[in-house]
Every structure is written in C-alpha cells, then in structure tokens.
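Engineer: dropping a prediction and its sequence here:
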Amino acid sequence: MAVSGARSDAQVGRGGLRPVRMPPEAWLPLVGGLVWLWNAPGHGVAGFLFSVLPGCLLLGSGVAMLLWPGDLRTSQFAALGGVLGFLFGLPAFVFVGFFGGLAFCALSAAGFVAAGWHTLRLEPHPADVPRPEPSLLLAAEIACDEAILSTLQIGIGIPAGDELARIRGEIEEARVRFAAAGWLEKPGDYHEAPPPLSDAQVGRARVRGIDYEHLRFESGYEPRSGEPGRDRWLDYRANRTAHAWVVRRNPQRPWLVCIHGYQMGSPMVDLLAFRPEWLARQHGLNLLLPVLPLHGPRTKGRRSGDGYLAGDILDTIHAQTQAMWDLRRMLSWLRAEGAREIGVFGLSLGGYNASLLAALEPDLACVIAGIPAVDFTRLYFRHGPPVQLLEAALHGIEEHHMDEILRVVSPLAFPPRVPRGRRYIFAAIADRLVPADQVRDLWHHWERPRIEWYQGGHVTFPRHPAVRALIDEALGATFA
C-alpha cells in the first residue's frame, strides 16, 4: 500500500546473531533427519512411513541451510519437520523403547529450535523496533511461526496461468475506476455507510462450558455495479450471511468487539483466543466476536479464510470492504441494544480490521491492535512462493499495481478517528507472520501511541505477561 515512508525506512543490522556462510545450527536438523531415515528400514513399512516425512524435511532443510543460506523457506520446513518428528516420535517410546523414543523426540525438538535460531540469524532488523535478545526460548517461539508458514506455503492455492491474466486485467480496470471516482485520493469515500441492523436472528449456544449467543443476519453487502469481480463475489453464497458470537453478561456494561485472525472464525477457536473468563468476568465487559468474510461458516473453500489473502486482489478488496460493512452494521445493533461505550480489539488480520474500523467509526471508545497486519501487498510478496511470484511478474503483476488499488482498504491510508490516548498496540519483535516493520508503520501512522513490544513470535503472544498488562491497562483506562 502506497504509504510515504513505509518502505524507504531502511532495515538495519540483524536480529542479534551474525550471519555466517556455514551456520552451525544447520547440523541439528541435518543429523536429526539422518537418524530418522537411517532407522526407517529396520521397522518395516510402518516405520518407513513414520520416518520418511520428518526425516526428509529435517535432512533437506539442514543441507539447504549449509549450501543455500538466505532462503526463508528453509527454516519454515525445518520447523515443520521438527514438529512432525516430535509427534511421530511419541509412538517410538512403545515400539523402539524409552531411549529410542527420547532420541527421536529430542533430535526433532533440536531441529525445531535450530530453525528459529537460523531465522533469527538471517532476518534483517527494522529501524525503530527494539532488538531481539537471542535465546533458545525466543528461537522456539520463532519456530512456531515458521511451522505455520510452512503449512500456508503448502495449503493455500495461489492463482496461476489464465487466472493471473484475469487478475491483471481486473487490477487495471479497478485502477481506472477507482481513480475516476476519486477513491485513490479519498479512500474513505469508497466505503458506503451501511443501513442499521434491525432484523438479526439470535440463538443460544454453548461451547467448552461457555454460554454464548449466535447472531446472524443477511449482510446485504454487494460490490458496486460494474466493479470487477462483483459477479464472482456474489457467487460465494455462504458469505452472504454474517455471523457473530455474543457473550452478554450485563447489558449496562460496555461492549468490546473482538475481531479474530486469519483462518479463525469458529466459536471454539475465537472464544479460546479472546478468553471471556478474563474480558467478560474480570473487566465486566460484554463481548461481540464477529466472523470475518470467507471465514468460519462463511468460507468458500475447505479451510476457514480461503480466498481472503490468496492473491486474487479484487476478492481481497471485496472481503475487506464487506468486513467494514458488516462490522458497522453490528455496531448499530449494539447501540440499538443500549450499548453506550464500545471498544474494539483485533488480533493479526483482526488487528488490520480493528485499525481500519477505527478510521471509519468516530465513536469508538478505544482500539487495541494486537500483532496487526497493515499491508497486504508486502505480506503477499514476502510469503508468496517464489515461483508463483515470478509467474505473477511475467503476467505484469507487480507490487505497485497491488499497492495502488489496495489503498481503498489500507489502514495506513486513513487517519484514525479514535483519540491518540485511546490507541494501543502490542507486537512481537521477532514476528515472522506479520513482520515488525508493518506494526512499526502503523505505530508511526497512529502518532506513536502506547505500544508494547514483547520478545517473542506471532502465535505465542498469550504467554507474555506484558501483553495482558497492556490490554488490562487499555481496558482499565477506557472503561474504569
């Protein structure tokens, strides 16, 4: 997204470890992989099947670290090999004895930590972000991120061939339309005010011992007539119905809108992430947990979130625009229910949505952006498989093409409407899913409000007391 200074701010130094040509940590996954494969033939077909996947991943990643340093995918698949090796090593305690099982699990765990250590060695360090303090625990947290990234590399379908030609045509058509309408200069005008929500259905449900209400309604969002990708978007029929989970303790108390991250959107996962026993009981808040477009019961594919960030740029724009439409309708429903104060708290992709909502809604009490993504273009070109990125370039799709039209849904293109003293951010110094430079750019855009940088990775934020302390501080100051 074309935001002044977002890319010109140089990345300086390294993450605290000196890069070397033959990194010593590479030997851990390499040896672990050899041990897995060496022992495979002695245990029949079952032993071979259990050994080949972690063995190949660990061995191949270790060799790649030694011979082809610098490829970020190497650490991702080393981390995945470590996870699989540890899990597959547990049955070895039964079949090959205690010490054999311990060896398999220990070598796999060592390869897993080595993957995080290797990434910490290679990753450039952004300016204006505290430096990571190298440790085995930090390396393990980084490896958790890397393992998740490996599954995204494998599992997400990336457009190719004729699809890329179509996407390039839609990008150009959108650029012309958006420029003619003035939306590239005034992106706020792209977002139409939705009608109030008055016809929602509310049913009671329970999961993991938590009583909640299931809110659903017809979204009513449609891309404008003639907008590229409109007909395709309207064919995602499950996405037409909006959903949210509601934990209502005391209608007289304030509300907190909790927006989930990428690939979430089920009540079990969302309620686990936002912990009603803490937010609702300790802080006395009512909670509304919206389901983002293409997530949970709204998905169009096999997995929650399929299509939201898969490189089909107009789908991403429509998903993000519909997210704002649905969220604003839900806010109108809360106000009709008597809500006098409403805050918003988002995680990861939810942090993106919380940041954008805070730029469109003038009456939010506070906004907490947790480990927030803010630039889809940079995420796509960082995490996209290189062969697909090369094919996209051959079809004429480059960063600046995506940047320009994604401006209409970029949190960095809108001034926040929540007062500076009610803006809060927490972020991981060593985040590999949402690199720290993205959070730093939001922090600058928001005029450097209260931010908590923790020594960890993306998915391990719940284990850091400083994160909870910041959230407690934000909610206490807002809803005291």
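Structural biologist: That came in fine, so what should we check first?
Engineer: number of residues surrounding the residue lying closest to R423 once chain neighbours are set aside?
Structural biologist: Spatial nearest neighbour of R423, excluding adjacent residues (C-beta to C-beta, 6 or more residues apart in numbering): P449 at 4.0 Å. Heads up, the C-betas are built off the backbone N, CA and C, glycines and all. Residues contacting P449 under the criterion other C-beta atoms under 10 Å number 18.
Engineer: tell me the pLDDT of P449.
Structural biologist: P449 carries a pLDDT value of 97.
Engineer: got a list of contacts for the strand ranked longest in the chain?
Structural biologist: As assigned by DSSP state E, the longest strand anywhere in the chain is strand 210-218. For strand 210-218, contacts defined as C-beta atoms under 8 Å, 6 or more residues apart in numbering pick out 197, 199-206, 240-248, 267, 271, 276-277, 288, 329-330, 333.
Engineer: what subset of these is buried?
Structural biologist: Buried by 16 or more other C-beta atoms under 10 Å: 197, 200, 240, 242-248, 267, 271, 276, 288, 329-330, 333, out of these.
Engineer: just those: which are in strands?
Structural biologist: A242, H243, A244, W245, V246, V247, L288.
Engineer: what's the closest non-adjacent residue to the fifth one?
Structural biologist: Sequence neighbours aside, E213 is the residue nearest to V246 in space, at 4.0 Å (criterion: C-beta to C-beta, 6+ apart).
Engineer: which strand residues bridge the one you found?
Structural biologist: Here E213 sits in beta bridges with R204, V246, going by DSSP bridges.
Engineer: give me the neighbour count for it.
Structural biologist: 14.
Engineer: and if you look at P130?
Structural biologist: Counted with other C-beta under 10 Å, P130 comes out at 11.
Engineer: tell me the pLDDT at it?
Structural biologist: 94.
Engineer: sec struct for it, please.
Structural biologist: Secondary structure of P130, reduced to three states by DSSP: H, G, I helix; E, B strand; the rest coil: coil.
Engineer: mind giving me the domain ranges of this structure?
Structural biologist: 11-155, 162-479 (automatic domain parsing).
Engineer: ok so, going back, check the gap between the residue nearest to V246 and P385 for me.
Structural biologist: E213 sits 41 Å away from P385, going by C-beta to C-beta, to the nearest Å.
Engineer: same question, G111
Structural biologist: For G111 relative to P385 (C-beta to C-beta), the value is 22 Å.
Engineer: between these two, which is the more surrounded one?
Structural biologist: When G111 is set against P385 and neighbours are counted by other C-beta under 10 Å, the residue ahead is G111, at 33 against 14.
Engineer: could you give the mean pLDDT of stretch 189-206?
Structural biologist: For stretch 189-206, the mean confidence score works out to 94.
Engineer: to clarify, my last question referred to stretch 369-388.
Structural biologist: The predicted model assigns stretch 369-388 a mean pLDDT of 89.
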